[in-house]
Structures are given as structure tokens and as C-alpha cells.
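Undergrad: Quick one, structure for this:
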Amino acid sequence: MKPLIITVLGQNHQRKDWIFDFEGAPFADFVAGLTADLEPLGVGVRLVFNTDITITINSYADLLNCIKISSPQDNHHNHCVGHLISKSERLDIMEDIARAVRRVAFAPETVAPDVEFRKVCHNCGCGC
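TA: Below you'll find the model as predicted:
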């Protein structure tokens, strides 16, 4: 089973329009559904919360950047969802996370190295 980790960082919300409850039942159900979809395909999804790092949320891009996707088997560690999917089509956080997870799970070779993102970082704590 290929391990894949979704990490939710702490958030400091500056605006009420970009708040999402990552600890609520809808998100837990989403992750459970994503896990159920991917396990038969050999991908094990694990959700973790890291409140040691806090992202200031001023926009949807910041909301995307508070979610990190890792696939240690593919040497991909803590890529921001925003970096993995580039532009969001519908500003749907769960849809965007699913897109990022599937990209890392099934096409990790299409993820550009971290060096490629040095010019576009948005306070996400990824070190770029």
C-alpha cells in the first residue's frame, strides 16, 4: 500500500469568507470517502493535523496552502495543494484536495520540484 498523507496546518483566519471547518463531519466524511476510493487502488490515505505551523488565511489561495500532501514513497513531502493543482476551477476546497491527492498518488512525476515554486510562495510554511 502506497502511503499518502494529508496534513492540515493551523489557521489564523483574517476574513470570514475563507473559513472551512477541517475538523467537522463533512470533511471527515470526505476523507473517509477518498480513502475508500483509493485503497482498492493501492493508496492508503492518512489525515493528520499540525497546529505547530499556522497559516494566515486572507484568500482562497492561503486556504489551499494550509493543506499539505505527502507521498514519502515518491519523495514528495508537504506540497501545498495550491502548488499541486495550480488554479482552482470552482473554489471548492474538497474537490481541490481530491485533485491534488490523485495527482500525487497516480502521477507524482508530473509534480515539479520545490525549486520551481520559489517565485509563487504565499506564506504557507513550506520553506520555498
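Undergrad: Need phi/psi at the residue of the chain positioned farthest from its centre.
TA: Within the chain, Pro40 marks the point farthest from the mean C-alpha position, 21.3 Å out by C-alpha atoms, centre = their mean. In terms of degrees, to the nearest 10, the main-chain angles of Pro40 are phi -60, psi -20.
Undergrad: quick one, helices of this protein?
TA: Assignment of helices within the chain using DSSP state H yields the ranges 25-38, 60-65, 81-85, 93-106.
Undergrad: wait, which of those is closest to Gln73?
TA: Across these, the minimum distance to Gln73, taken as C-beta to C-beta, is reached by helix 93-106, at 10.0 Å. For the C-beta atoms, the positions are set from N, CA and C on the backbone; glycine is no exception.
Undergrad: which secondary structure elements does the closest one contact?
TA: Under the contact criterion of 3 or more C-beta pairs under 8 Å, 6 or more residues apart in numbering; DSSP states H and E, helix 93-106 touches strand 2-13, helix 25-38, strand 43-57, helix 60-65, strand 67-71, strand 76-80, helix 81-85.
Undergrad: can you put the ones you listed in CSV and add mean neighbour count?
TA: As requested, those are arranged in CSV below (neighbours: other C-beta atoms under 10 Å):
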stretch, mean neighbour count
strand 2-13, 17
helix 25-38, 15
strand 43-57, 15
helix 60-65, 22
strand 67-71, 23
strand 76-80, 20
helix 81-85, 23
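Undergrad: possible to save these as CSV with mean pLDDT and distance to Glu109?
TA: Listed next are those as CSV, based on pLDDT from 0 to 100; distance: least, C-beta to C-beta, whole Å:
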stretch, mean pLDDT, distance to Glu109
strand 2-13, 96, 14
helix 25-38, 98, 18
strand 43-57, 96, 16
helix 60-65, 92, 22
strand 67-71, 95, 11
strand 76-80, 88, 10
helix 81-85, 89, 13
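Undergrad: Serialize those to CSV and add fields for distance to Ala100.
TA: Converted to CSV, the helices and strands packed on helix 93-106 look like this (distance: least, C-beta to C-beta, whole Å):
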stretch, distance to Ala100
strand 2-13, 9
helix 25-38, 11
strand 43-57, 12
helix 60-65, 8
strand 67-71, 5
strand 76-80, 8
helix 81-85, 4
